[in-house]
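Peer 1: here's my sequence, what's the structure:
(chains A and B)
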Protein chains: 2
Amino acid sequence: MKTVIGVDLGGTNIVSAVVNERGQVLGKDKRPTQAFLGAPGVIRRIADSVKAASLDSGLPWKSHLRIGIGSPGPLNPKKGIILYTPNLNWKNVHLTAALTRLTGKKTVLENDANLAALGESWIGAGRGEKFALCVTLGTGVGGGFILDGKIYEGAWGVSNHIGHVVVDPKGPKAPYGNSGILEQYASATAIIRMATEAGLKPGPGEKMEAYTFQKMAEKGNPKALKVYEKAGTMLGVGLTSAIHLLNPGMIIFAGGVSAAGDLIFKPMHRELKERCFASHLKGLKFRVAKLGDNMGVVGAARLAWQSLG
Amino acid sequence: MKTVIGVDLGGTNIVSAVVNERGQVLGKDKRPTQAFLGAPGVIRRIADSVKAASLDSGLPWKSHLRIGIGSPGPLNPKKGIILYTPNLNWKNVHLTAALTRLTGKKTVLENDANLAALGESWIGAGRGEKFALCVTLGTGVGGGFILDGKIYEGAWGVSNHIGHVVVDPKGPKAPYGNSGILEQYASATAIIRMATEAGLKPGPGEKMEAYTFQKMAEKGNPKALKVYEKAGTMLGVGLTSAIHLLNPGMIIFAGGVSAAGDLIFKPMHRELKERCFASHLKGLKFRVAKLGDNMGVVGAARLAWQSLG
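Peer 2: Predicted coordinates:
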């Protein structure tokens, strides 16, 4: 049997999976990233994780044709270089070359948000959809756009930054110059910020996380409801711009904040209905991601398969 | 010699041109649209214009392989149907079938803003650029996005509506539901509205048009300067969203308002510099359209050539 290995490199964990041509996961490994080790140490951990996933699959090492790996950006997918990752504090790390050296396998790299979109459009919520925009509402807001089954890269691989679409030019300042961008309203970080600004606090035993405020909103807390109303409204504003520019056939939501469901999606749909041309909304499908924890590794595996032609 | 005929159908004029494979115009016709005649009458005028352009070229009728035609949208390029054009008041007009009946030539249809982008990226300002976003600052704000030399269509051909990117969610209401969109700040219509709101009026013998206020700004009129400052700033906000989503390699400006030059582009660049990731701006080229009056017909001709494979 021929397989590839997909890797999801995150700030907290490294996940590796052996994946066949139909997207089935045949072996898996998950271990802490231990970012404090620095690039060389973490890359050795990735290679160890890849080997552990191979062992877990029970398949011979030579059955794995390639490695696909996803990382937060910005990065250069063609050269396999991570330009900068705030969560790992890496700069200009030639990740694919190092992994090939350690594993003997050709390795391909891509932005993790793009790989989430690729995985979901392959065997998840977007199966069969040719033009799928995937919006990840997590710590930040990321995006991936799938065109005819492949990642849309743009002129030099820095496209799909939907979190940086401006939704209110006078909105709060972002750490990197821009202001009033979608990420500042619809990310978990933004939910926490807006809830705190509204005077909300986690109760005893509750964590300072978006889910805490989601539960408050679900119980009818008017301040928490207003936070999600704002997040959803701004999501609708940002998607209006994306929809008129890209004309996607499907929008797939991933990430923790999307678990808020109608709390965020109801105001979003109201805003979209008010703002979008009927010709753009009619036929546009909305879905929630289906692959869960496997989204990243399955997307990375798909990339590896596609690189094989 | 083999040629095609490109047609630009506007609310005011029909322009037709015989164009060879290198983009050279070998014959041309221009005549008033006479929209009051209704669809059947106007379509007959298009067919007459096509024949007049052929005569002007001196080439035999059979040398023209196909017809490409551009029209304001929304339209269905695959089916060759104009869904709706406010300036002609057409609804669901099967334009390509009617023209084929009248001329005997297979005809292909596309949105005029897309064809402007296609023409410019073929032999105009975007020659050699694989990912060019064309922004037309005219009566409205239209857009076309060229991907690997071809029009990016999206899931069902209604993409590239950059004029409908939201730049201020609390901005003025647009006639079709949305509000605070780019078109309401950077179009000629918006310039006239903002100038009028600022208390500006055309002088004796001057027309109520954007160019009149451009001349005032060029002479240092502070109110007129402020209008262009606002237009340029909002253009920068809207393009920030487009640049982060699409990662174009080049942005080409067309349309009457782009003639204002630095009046609008200076605040735009300032805004882009403040808002965009350096990774997105570095290497991004800005150009002004070069084909002038021929932009539409040359783009339509290119579409016809591409449809021949």
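
Peer 1: so what's the residue count around the residue in the stretch 51-200 of chain A that chain B sits nearest to?
Peer 2: Of all residues in the stretch 51-200 of chain A, residue A:154 sits closest to chain B, at 2.6 Å by Cβ to the nearest Cβ. From N, CA and C alone the C-beta is placed, and that goes for glycine too. Counted with other Cβ atoms under 10 Å in any protein chain shown, the neighbours of residue A:154 add up to 21.

Peer 1: could you find the closest non-adjacent residue to it?
Peer 2: For residue A:154, ignoring the flanking residues on the chain, the nearest one in space by Cβ to Cβ, 6 or more residues apart in numbering or on different chains is residue B:247 at 2.6 Å.

Peer 1: I'd guessed the one you found sits against residue A:151; true?
Peer 2: No - with contacts counted by Cβ atoms under 8 Å, residue B:247 stays clear of residue A:151, the gap being 11.8 Å.

Peer 1: show me what from the stretch 51-200 of chain A comes close to chain B.
Peer 2: Contact residues (Cβ under 8 Å from any Cβ of the partner chain) of the stretch 51-200 of chain A with chain B: A:74, A:83, A:130-131, A:143, A:145, A:153-162, A:164-170, A:176-179.

Peer 1: contacts for the helix or strand containing residue A:299 next, please.
Peer 2: Assigned by DSSP states H and E, residue A:299 belongs to helix A:295-307. With Cβ atoms under 8 Å, 6 or more residues apart in numbering or on different chains as the test, helix A:295-307 has contacts from A:4-8, A:10, A:15-17, A:19, A:21, A:23, A:25, A:28, A:65-70, A:106, A:108, A:110, A:112, A:114-120, A:122-124, A:150-151, A:254, A:289, A:291.

Peer 1: residue A:184: neighbouring residues, count only.
Peer 2: That count, for residue A:184 with other Cβ under 10 Å as the rule, works out to 27.

Peer 1: quick check: it is in a helix.
Peer 2: Yes - membership of residue A:184 in a helix is supported by DSSP: H, G, I helix; E, B strand; the rest coil.

Peer 1: give me every residue that touches it.
Peer 2: A:171-172, A:174, A:190, A:193.

Peer 1: which of the residues you listed tops the neighbour count?
Peer 2: Neighbour counts for the contacts of residue A:184 peak at residue A:190, which has 26 neighbours (criterion: other Cβ under 10 Å).

Peer 1: that one and residue B:30, how far apart?
Peer 2: 53 Å (Cβ to Cβ, to the nearest Å).

Peer 1: residue nearest the middle of chain A, spatially speaking?
Peer 2: Compute the mean C-alpha point of chain A, and by Cα atoms, centre = their mean the closest residue is residue A:113, 3.2 Å away.

Peer 1: show me the beta-bridge partners of the closest residue to it other than its chain neighbours.
Peer 2: Once flanking residues are discounted, residue A:113 sits nearest to residue A:142: 3.3 Å by Cβ to Cβ, 6+ apart. Assessed by DSSP bridges, residue A:142 has beta-bridge partners residue A:136.

Peer 1: what mean pLDDT does stretch A:288-305 get?
Peer 2: Stretch A:288-305 shows an average pLDDT of 96 in the prediction.

Peer 1: before we move on, what about stretch A:170-179?
Peer 2: 88.

Peer 1: residues in contact with that stretch?
Peer 2: A:164, A:166, A:169, A:180-181, A:183-185, A:193, B:168, B:240, B:274-277.

Peer 1: okay, residue A:230 and chain B: tell me how far apart.
Peer 2: 11 Å (Cβ to the nearest Cβ, to the nearest Å).

Peer 1: okay, that residue: pLDDT?
Peer 2: 98.

Peer 1: is it within a helix or a strand, and which one?
Peer 2: Going by DSSP H and E, residue A:230 is in helix A:222-246.

Peer 1: as a check, name the ranges of all helices in the stretch 101-250 of chain A.
Peer 2: Per DSSP state H, counting those that start in this stretch, the stretch 101-250 of chain A carries helices over the ranges A:112-123, A:183-186, A:188-197, A:210-218, A:222-246.

Peer 1: using JSON lines, lay out those together with distance to residue B:270.
Peer 2: JSON lines is the format used below for the helices of the stretch 101-250 of chain A (distance: least, Cβ to Cβ, whole Å):
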{"stretch": "helix A:112-123", "distance to residue B:270": "29"}
{"stretch": "helix A:183-186", "distance to residue B:270": "21"}
{"stretch": "helix A:188-197", "distance to residue B:270": "26"}
{"stretch": "helix A:210-218", "distance to residue B:270": "35"}
{"stretch": "helix A:222-246", "distance to residue B:270": "21"}
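
Peer 1: of all those, which lies closest to residue A:39?
Peer 2: In terms of Cβ to Cβ, the element of these nearest to residue A:39 is helix A:112-123, at 17.0 Å.

Peer 1: packing partners of that closest one?
Peer 2: strand A:3-9, strand A:64-71, strand A:131-137, strand A:141-147, strand A:150-151, strand A:250-254, helix A:295-307 (3 or more Cβ pairs under 8 Å, 6 or more residues apart in numbering or on different chains; DSSP states H and E).

Peer 1: which positions within the last one qualify as buried?
Peer 2: When neighbours are counted by 16 or more other Cβ atoms under 10 Å in any protein chain shown, the buried residues of helix A:295-307 are found to be A:295-307.

Peer 1: pick out the residue of the stretch 201-309 of chain A closest to chain B.
Peer 2: Going by Cβ to the nearest Cβ, chain B is nearest to residue A:247 of the stretch 201-309 of chain A, at 2.6 Å.

Peer 1: what about residue A:260, neighbour count?
Peer 2: So residue A:260, with other Cβ under 10 Å, has 22 neighbours.

Peer 1: do the one 10 residues further on as well
Peer 2: Neighbour count of residue A:270, defined by other Cβ under 10 Å: 14.

Peer 1: wait, a helix at it?
Peer 2: Yes - under three-state DSSP, residue A:270 falls within a helix.

Peer 1: so what's it up against?
Peer 2: Residue A:270 touches A:233, A:236, counting by Cβ under 8 Å, 6+ apart.

Peer 1: need phi/psi at the residue of the stretch 51-200 of chain A closest to chain B.
Peer 2: phi 70, psi -170 (degrees, to the nearest 10).

Peer 1: distance of it relative to residue A:267?
Peer 2: 30 Å.

Peer 1: repeat for residue A:9
Peer 2: 34 Å.

Peer 1: go on, residue A:291?
Peer 2: In this view, residue A:291 and residue A:267 are 26 Å apart by Cβ to Cβ.
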